[in-house]
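Participant: Provide a 3D model corresponding to the input given below.
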Amino acid sequence: MKARGLVPFLAAFVALAAGVQGRADSVSLTIEADRSGAKIDRQVFGQFVEHLGRGIYEGIWVGLESPIPNTRGIRNDVVAALKALRVPNVRWPGGCFADEYHWRNGIGVHRPATLNSNWGGVIEPNTFGTHEFMDFVQQIGAQAYVSVNVGSGTPQEAANWLEYLTTNQPTALAKERAANGHPEPFGISFLGIGNENWGCGGSMTPDYYINLLKIFARSSRHYNTAHPMRKIAVGPHGDDTGYTEAVMKAWKERNWSWDIDGLSLHHYTVGGWPPSYAATGFGEKEYAKLLKDTLHMEELVSTHGAIMDKYDPEQKIALVVDEWGAWLAPTPGSKQGFLEQQNSQRDAIIAALNFNIFARHAARVRMANIAQMVNVLQAMILTDGAKMLLTPTYYVHRMYVPFQDATFVPVAFDAGSYVQGEITLPRLDAIAAKDENGKLWLALVNVDPKRPVQVELNAAGIARAAGETLSAPRIDSVNTFEAPATVAPKPVTAKSVGDKLVLDLAPQSVTVVALER
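Facilitator: Here you go, the predicted model:
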């Protein structure tokens, strides 16, 4: 072929390739509305705050004298944003920080400055302590999930903290609580008995931890009878099943003196340790690798759930995924140990895929906590002084609010494939649920960053489907303080094609719609 003839040929080839790449494939999706599964417990949408970097200080707590608008030292803008998510519970004070935290340092007028040896070696002023945390969760309408110090604390210290928090009897600790500004007892909904005691919480063998678990579970009594508390034991990390097997076996063989209600599981989307994947400026190869890693959550909850079924066939014990999310390379220039990272459209996809996995396993996975809430890891919110920014992950949480306490409804569809190099992933992911008012909701994730998808909805009696979709110009698109709405939900409505409803899903998008009759 002569050179002058090659130019129009190449132009035509590029145009054809672009058309093929951008052409929407059609997928038929059936919603089996006459069938139902387990309740998707609203606690699955829980949050996590730790004394780590700018997560609490600057992110939540600015102090009584701050020019940033606040209520008793807690940022008003952050509270308002979190209330919109209907945050069900908040886990505190950690994390690795929890098993070096001594609660008495965080009460009263005179609080000692201590060292945060886990996260950056910075000074911990202890100005945000028990009363401030309880004020915060009450302001956002959430329940308290408190982790007691098993790694470096004592059963007596934990028992005293629970008495201080929850008794209405005129004990010395109750009088001390009243003197510190709260005469009425607090209500603690969840109690974590340690944190990662297989790692930063003491590198304990399962048997050693179980001996402590029995003592702490017995002595950490909750006295506020109007506000029941559930106890959560340390469980597995990733694929390691040692803790799962040992703790569940001990629970099965327990005597009357102790009990638990949940077993924790920690799994981060990392792509290989140590965290090195960039939060911005990445390509499709890195995108696919991290999505493959996050989808491993499905196998993890299945594997650990099967072990739990062996000892607990009635599923009395919840699998609590109380640390999950993307752990990426820190933002260049941020302080060491502060775990600050940007939040992209890829993170939105990661969040939605995990929510869908939890929903499919709702009978066992009844609580989860993304890490973390503000300025740390896969955060909902970023702050810079008085400025506040909502991330793509925040918007996914807001879009999924209708699934809180909804009943899982099966869906059937051909997911197709998204292929990137040696990685092959399901291209489409979807769940459906019926809320407490009987309305059907559908969540769809188009994983493919290049190809749109047309989804034909098959559900008896459904005449309209409308809601929101979250897409972005690129897989690494982020919101910044200069451009805060680069990634934000937009309205979407299914179109009528003959006797069918069809939803157009953009590449790399998350869509949630209500199905109306």
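Participant: Enumerate the positions of the longest helix that the chain contains that are buried.
Facilitator: Longest helix of the chain, by residue count under DSSP state H: helix 284-311. For helix 284-311, the neighbour count (16 or more other Cβ atoms under 10 Å) marks 284, 286-295, 297-298, 300-301, 304-305, 307-308, 311 as buried. The C-beta positions use only the backbone N, C-alpha and C, and glycine is treated the same way.
Participant: in this protein, which spans are helices?
Facilitator: Shown for the chain, the helices assigned by DSSP H span residues 3-22, 76-83, 130-140, 155-166, 172-179, 206-219, 242-252, 284-311, 345-360, 392-399.
Participant: Dump these to CSV, plus distance to residue 473 and mean pLDDT.
Facilitator: What follows is the helices of the chain, written out as CSV (distance: least, Cβ to Cβ, whole Å; pLDDT from 0 to 100):
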stretch, distance to residue 473, mean pLDDT
helix 3-22, 14, 40
helix 76-83, 24, 98
helix 130-140, 32, 98
helix 155-166, 48, 98
helix 172-179, 52, 98
helix 206-219, 48, 98
helix 242-252, 42, 98
helix 284-311, 14, 98
helix 345-360, 9, 98
helix 392-399, 12, 98
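Participant: Turn the ones you listed into CSV, columns for distance to residue 260.
Facilitator: Output for the helices of the chain, formatted as CSV (distance: least, Cβ to Cβ, whole Å):
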stretch, distance to residue 260
helix 3-22, 51
helix 76-83, 28
helix 130-140, 22
helix 155-166, 14
helix 172-179, 24
helix 206-219, 6
helix 242-252, 6
helix 284-311, 12
helix 345-360, 20
helix 392-399, 28
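Participant: right, so of these, which gets closest to residue 329?
Facilitator: Closest to residue 329 of these, according to Cβ to Cβ: helix 284-311, at 10.7 Å.
Participant: I'd like to know which elements that closest one is packed against.
Facilitator: Here helix 284-311 touches helix 242-252, strand 262-269, strand 318-326, helix 345-360, strand 417-420, strand 423-426, going by 3 or more Cβ pairs under 8 Å, 6 or more residues apart in numbering; DSSP states H and E.
Participant: among these, which is nearest residue 146?
Facilitator: Comparing those under Cβ to Cβ, the one sitting nearest is strand 318-326, at 12.0 Å.
Participant: what's that closest one packed up against?
Facilitator: Packing contacts for strand 318-326, counted by 3+ Cβ pairs under 8 Å, 6+ apart, involve strand 46-48, strand 230-233, strand 262-269, helix 284-311, helix 345-360, strand 365-371.
Participant: If we use 7 Å, what do you get?
Facilitator: Here strand 318-326 touches strand 262-269, helix 284-311, helix 345-360, strand 365-371, going by 3 or more Cβ pairs under 7 Å, 6 or more residues apart in numbering; DSSP states H and E.
Participant: quick one: which of these is nearest residue 46?
Facilitator: Nearest to residue 46 among those is strand 365-371; the distance by Cβ to Cβ comes to 4.3 Å.
Participant: Hmm, residue 467 is touching residue 512, no?
Facilitator: Yes. Assessed by Cβ atoms under 7 Å, residue 467 is found in contact with residue 512 at 4.9 Å.
Participant: With neighbour numbers in mind, choose between these two.
Facilitator: Taking other Cβ atoms under 10 Å, residue 467 and residue 512 do not tie; residue 512 has more neighbours (24 against 21).
Participant: which strand residues sit across from that one in the sheet?
Facilitator: Under DSSP bridges, the beta-bridge partners of residue 512 are residue 443, residue 468.
Participant: now the spatially most central residue of the chain: how far from residue 496?
Facilitator: With distances taken as Cα atoms, centre = their mean, the chain has residue 370 as the residue nearest its mean C-alpha position (2.3 Å). Per Cβ to Cβ, to the nearest Å, residue 370 is found 37 Å from residue 496.
Participant: Can you tell me the number of residues neighbouring the nearest residue to residue 182 once chain neighbours are set aside?
Facilitator: Spatial nearest neighbour of residue 182, chain neighbours left out: residue 131 (6.1 Å); criterion: Cβ to Cβ, 6 or more residues apart in numbering. Other residues within reach of residue 131, judged by other Cβ under 10 Å, total 18.
Participant: Contacts only, for residue 131.
Facilitator: Going by Cβ atoms under 7 Å, 6 or more residues apart in numbering, residue 131 touches 107, 180-182.
Participant: Over to residue 206?
Facilitator: 242-243, 246-247.
Participant: and of the residues you listed, the nearest to residue 117?
Facilitator: Checking the contacts of residue 206 against residue 117 by Cβ to Cβ gives residue 243 as the nearest, at 24.5 Å.
Participant: which ones are touching that closest one?
Facilitator: 198, 206, 234-236.
Participant: again with residue 493
Facilitator: By Cβ under 7 Å, 6+ apart, residue 493 lies in contact with residue 466.
Participant: try 8 Å this time
Facilitator: The contact partners of residue 493, by Cβ atoms under 8 Å, 6 or more residues apart in numbering, come to 464-466.
Participant: Check the residue lying closest to residue 517 once chain neighbours are set aside and give its pLDDT.
Facilitator: Once flanking residues are discounted, residue 517 sits nearest to residue 461: 4.9 Å by Cβ to Cβ, 6+ apart. At residue 461, the pLDDT value in this model is 82.
Participant: Can you report how many residues neighbour residue 461?
Facilitator: 9.
Participant: cool, and the one 10 residues further on?
Facilitator: Taking other Cβ under 10 Å as the criterion, the count of residues near residue 471 is 21.
Participant: I'd guessed it sits against residue 509; true?
Facilitator: Yes. Proximity of residue 471 to residue 509 meets the contact threshold set by Cβ atoms under 8 Å, at 4.0 Å.
Participant: For the residue nearest to residue 517, grab phi and psi.
Facilitator: Dihedral angles of residue 461 (phi, psi; degrees, to the nearest 10) stand at phi 80, psi 0.
Participant: and it, how far is that from residue 34?
Facilitator: Separation of residue 461 from residue 34 (Cβ to Cβ) stands at 11 Å.
Participant: Please apply the same query to residue 412.
Facilitator: In this view, residue 412 and residue 34 are 13 Å apart by Cβ to Cβ.
Participant: same question, residue 107
Facilitator: To residue 34, residue 107 is 54 Å away according to Cβ to Cβ.
Participant: ok, these two, which is more surrounded?
Facilitator: More neighbours surround residue 107 than the other of residue 107 and residue 34, with 19 against 9 (other Cβ under 10 Å).
Participant: Could I get the contacting residues of that one?
Facilitator: 129-131, 164, 176, 180.
Participant: what number of residues lie near the residue nearest to residue 69 when sequence neighbours are not counted?
Facilitator: Among residues not flanking residue 69 along the chain, residue 76 sits closest, at 4.5 Å (Cβ to Cβ, 6+ apart). Using other Cβ under 10 Å, residue 76 is surrounded by 14 other residues.
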